[in-house]
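**Student:** Have a look; sequence and predicted model below, questions after that.
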Amino acid sequence: MRNILRKEVRLGTLTIVYFFVLFGLMFLLPGYPVLCGAFFLTLGLYQNFRYARECNDLVFSALLPIAKQDVVKGKFAFSCILEMCCFALMSVSALVRMTVFSDASVYRGNALMNANLFALGMALVLFGIFNLVFIGSFFKTGYKTGRPFITYIVICFVMIGVSEALHHFPGMEPLNSFGFDHLGLQIITLTAGAVCYMGLTILSYRESCRKFERLDL
């Protein structure tokens, strides 16, 4: 596994993709849809898959003395590592807003979704959807990236819109809790997001292995 990841880092990755991890810091921006940070990270991953396609990375990897499912494992592992790095920045940013800047008027008067544990849970859901919709579709053909990513974009921004609107419905206000208010509910939503992320990623990985095994490169 270490050698597969080393190959991904040295040969199959655009250097600029690491820059997109920094979009996790968008959770610090007031008056901005913070979940767009998750989208920008997936945009970087999309560009990375396009780069791999243009370089015939899948063909090169398949010629190595490894199983075809190890090729899939390497792509998923690298993508998940970057997603978790971005999520770590989101988590730090959210905790800073919930503690150090808990009394800042610029955050207290924020009309959009607050950076809380519910927002972090939704970010994980978006990452999971990307893994299922885009990466899963990519390994179905080994070269198509445009249509799967457009499909993901539509789903992603619908989810962002729904997430931003939820707390405006009667009885749903606690989802936009500031700081550590309604902490129990926040923890539940974060846990649900983590479960969705793991479930969608595992499902996509298994399906990708099955499809890629049958694919004639």
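**Tutor:** Now that the structure is in, tell me what you want to look at.

**Student:** Once you drop chain neighbours, what's closest to Thr151?
**Tutor:** The spatial neighbour of Thr151 that comes closest, neighbours along the chain excluded (CB to CB, 6 or more residues apart in numbering), is Val133 at 5.7 Å. Where you see a C-beta, it was placed from the backbone N, CA and C, and this is true even at glycine.

**Student:** what helix or strand is the residue nearest the centre of the chain on?
**Tutor:** Central residue check for the chain by CA atoms, centre = their mean: the C-alpha nearest the mean position is that of Phe127, 2.6 Å away. Taking DSSP states H and E as the criterion, Phe127 maps to helix 117-130.

**Student:** any idea how far that helix is from the chain center?
**Tutor:** Relative to its parent chain, helix 117-130 has a centroid offset of 7 Å by CA atoms, centre = their mean, to the nearest Å.

**Student:** Now find how far off-centre stretch 173-186 is within its chain.
**Tutor:** What separates the centre of stretch 173-186 from the centre of its chain is 23 Å, taken as CA atoms, centre = their mean.

**Student:** now stretch 146-163
**Tutor:** Stretch 146-163 has its C-alpha centroid displaced from the chain centroid by 12 Å (CA atoms, centre = their mean).

**Student:** Report the backbone C-alpha coordinates of it in PDB.
**Tutor:** Coordinates of the C-alpha atoms in stretch 146-163 are reproduced here as PDB (Å, rounded to 0.1, in the frame of the first residue of the first chain):
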ATOM      1  CA  GLY A 146     -17.000  15.300 -17.600                       C
ATOM      2  CA  ARG A 147     -20.500  13.900 -17.200                       C
ATOM      3  CA  PRO A 148     -19.900  12.300 -13.800                       C
ATOM      4  CA  PHE A 149     -18.500  15.500 -12.400                       C
ATOM      5  CA  ILE A 150     -21.400  17.600 -13.800                       C
ATOM      6  CA  THR A 151     -23.800  15.100 -12.100                       C
ATOM      7  CA  TYR A 152     -21.800  15.600  -8.900                       C
ATOM      8  CA  ILE A 153     -21.900  19.400  -9.200                       C
ATOM      9  CA  VAL A 154     -25.700  19.300  -9.400                       C
ATOM     10  CA  ILE A 155     -26.100  17.000  -6.400                       C
ATOM     11  CA  CYS A 156     -23.500  18.900  -4.400                       C
ATOM     12  CA  PHE A 157     -25.100  22.400  -4.800                       C
ATOM     13  CA  VAL A 158     -28.600  21.000  -4.200                       C
ATOM     14  CA  MET A 159     -27.200  19.600  -0.900                       C
ATOM     15  CA  ILE A 160     -25.500  22.900  -0.100                       C
ATOM     16  CA  GLY A 161     -28.700  24.800  -0.800                       C
ATOM     17  CA  VAL A 162     -30.800  22.400   1.300                       C
ATOM     18  CA  SER A 163     -28.300  22.600   4.100                       C
END
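
**Student:** can you list contacts of that stretch?
**Tutor:** Surrounding stretch 146-163, the residues in contact under the criterion CB atoms under 8 Å, 6 or more residues apart in numbering are 33, 35-36, 38-39, 42, 46, 113, 119, 122, 125-126, 129-130, 133-134, 137-138.

**Student:** tell me the contacts of Asn97?
**Tutor:** No Asn there; residue 97 is Arg. If you count contacts by CB under 8 Å, 6+ apart, then Arg97 has 27-28, 107, 114-115 around it.

**Student:** now for those, which pair is the farthest apart?
**Tutor:** For the contacts of Arg97, the farthest-apart pair by CB to CB is Leu28 and Asn114; their separation is 11.9 Å.
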